[in-house]
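1. Okay, here's the prediction I keep looking at, along with the sequence it came from:
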Amino acid sequence: MIKGSDGMFCTKCGSPVADDQKFCAECGALVTGDAMENDAYTAAYGKNSCGPTDVSALSNEELEVVRGKGFIENFIYIVTKKYAVIQGRASRGEYWKFSGTAMMLFSVLGLFGLFIPYTGFILMILCELALFLPFLCLSVRRLHDVNKSGWWLLVSIIPFGSIYLLILFLSEGQETYNFYGRKSNYVSLTSEQAARIGKTASPSALMIVLGVIIPWVLFSGIEIGNFIRMAYM
C-alpha cells in the first residue's frame with residue numbers, strides 16, 4: 001500500500017483504498033501487510049491459502065473481492081475496470097463468462113448481419129476491435145492465475161500449441177498466493193450470501209459451461225448461414 005497526499009493506494013493496480021481495508025476491491029491484492037501475519041486473514045482463509053475456508057467469516061469488502069460475478073456484470077467489469085490491465089489474476093470463471101458473453105454479442109451482430117449484411121459486418125468488425133485489447137489482457141491475467149507468464153500466449157503459434165493453451169485456460173487457478181497476487185472473482189455465492197452485499201447469486205459451474213457452449217453453437221450456426229447465403233448470391 002502506498003500513502004499519498006490524497007490517501008492510500010494499492011501497490012498492485014494503483015486504485016484508492018481505505019485505511020482499514022485489507023484487500024484492494026479492484027485487483028484483490030492484500031494491502032495491510034504480510035498475509036501470513038494477519039490474524040483476521042488467517043482465521044478467514046486458513047494458513048498458506050488465498051481462498052476462503054468459511055465464506056460467512058468474510059467481511060462485505062472481502063466478499064466483494066472473491067465473489068463470482070454474473071455474466072453481464074463480469075463483462076461490464078472487465079471492459080470498464082480491466083480494459084488494459086495485465087497486472088493481477090483472472091479466475092477461470094471470470095475468463096469463460098467474459099468469453100461466453102462476448103460470443104453471444106457476436107451472435108446477435110451476426111444475426112443482424114443476416115438481414116442487413118454490410119451494416120452487420122461493419123458492426124462485427126468494430127466490436128471485435130473494441131474487445132481485442134480487454135480480451136488479450138484478460139488472457140494474460142488468466143495465465144497469471146495458473147502462475148504462467150503472459151508470454152505463454154505465444155505458444156499458440158506452434159503446432160498443437162493452442163491445445164495446450166486451452167488446457168491452461170481450463171485449469172483451476174492456484175489456491176495460494178503466487179507471483180502475480182491472489183485469487184479473485186471465483187467464489188460461487190448463494191442468494192443469501194450475495195444478499196449481504198446487495199448482489200445476486202453467482203452463476204453455477206453448469207451455468208458457465210452452458211453460457212459458453214450455447215453462444216458458440218449459435219454463432220457457428222449463424223456464420224454457416226451467412227456463408228451459404230453468400231455462396232448463392
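-> Yep, that arrived.
2. any weak-confidence spans in the protein?
-> Applying pLDDT under 70 to the chain picks out residues 1-54, 233.
3. now the strands: where do they sit in it?
-> Using DSSP state E, the strands of the chain run over 2-4, 7-9, 16-17.
4. Find the centremost residue of the chain, please.
-> Glu94 (2.8 Å; C-alpha atoms, centre = their mean).
5. Pull the number of nearby residues for the closest residue to Ala205 other than its chain neighbours.
-> Distances taken as C-beta to C-beta, 6 or more residues apart in numbering put Ser188 closest to Ala205, at 7.5 Å, once the chain neighbours are dropped. (Glycine included, C-beta is placed from N, CA and C.) Close neighbours of Ser188, defined as other C-beta atoms under 10 Å, add up to 17.
6. can you pull the contacts of Ser188?
-> Applying C-beta atoms under 8 Å, 6 or more residues apart in numbering to Ser188 gives the contacts 68, 93, 201-205.
7. Distance of it relative to Leu153?
-> Using C-beta to C-beta, to the nearest Å, Ser188 is found at 28 Å from Leu153.
8. Could you export the contacts of Ser188 as JSON lines, including distance to Val212 and neighbour count?
-> Compiled in JSON lines, those are given as follows (distance: C-beta to C-beta, whole Å; neighbours: other C-beta atoms under 10 Å):
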{"residue": "Gly68", "distance to Val212": "14", "neighbour count": "24"}
{"residue": "Gly93", "distance to Val212": "11", "neighbour count": "22"}
{"residue": "Ala201", "distance to Val212": "19", "neighbour count": "17"}
{"residue": "Ser202", "distance to Val212": "16", "neighbour count": "25"}
{"residue": "Pro203", "distance to Val212": "11", "neighbour count": "20"}
{"residue": "Ser204", "distance to Val212": "13", "neighbour count": "12"}
{"residue": "Ala205", "distance to Val212": "11", "neighbour count": "13"}
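9. Just confirm Asn147 contacts Tyr180, I think it does.
-> Yes. Between Asn147 and Tyr180 there is a contact at 7.2 Å, judged by C-beta atoms under 8 Å.
10. Tell me which of these two has more neighbours.
-> For Asn147 versus Tyr180, neighbours defined as other C-beta under 10 Å are more numerous around Tyr180 (25 against 13).
11. ok, longest helix in this structure?
-> For the chain, the longest helix by residue count, based on DSSP state H, is helix 117-145.
12. Asn60 - how many residues pack around it?
-> Neighbouring residues of Asn60 were enumerated by other C-beta under 10 Å; the total is 9.
13. hmm, I was thinking of Tyr95
-> The tally of other residues near Tyr95 (other C-beta under 10 Å) stands at 25.
14. show me the contacts for the spatially closest residue to it that is not a sequence neighbour.
-> Taking C-beta to C-beta, 6+ apart, and ignoring the residues beside it in sequence, Tyr95 has Arg142 as its nearest neighbour in space, at 4.4 Å. Going by C-beta under 8 Å, 6+ apart, Arg142 touches 89-90, 92, 94-95, 168-169.
15. mind redoing it with 6 Å?
-> Counting by C-beta atoms under 6 Å, 6 or more residues apart in numbering, Arg142 makes contact with 90, 95, 169.
16. Would you confirm that the first one contacts Ser139?
-> It stands for Ala90. No. The criterion here is C-beta atoms under 6 Å, and Ala90 misses it with Ser139 at 8.3 Å.
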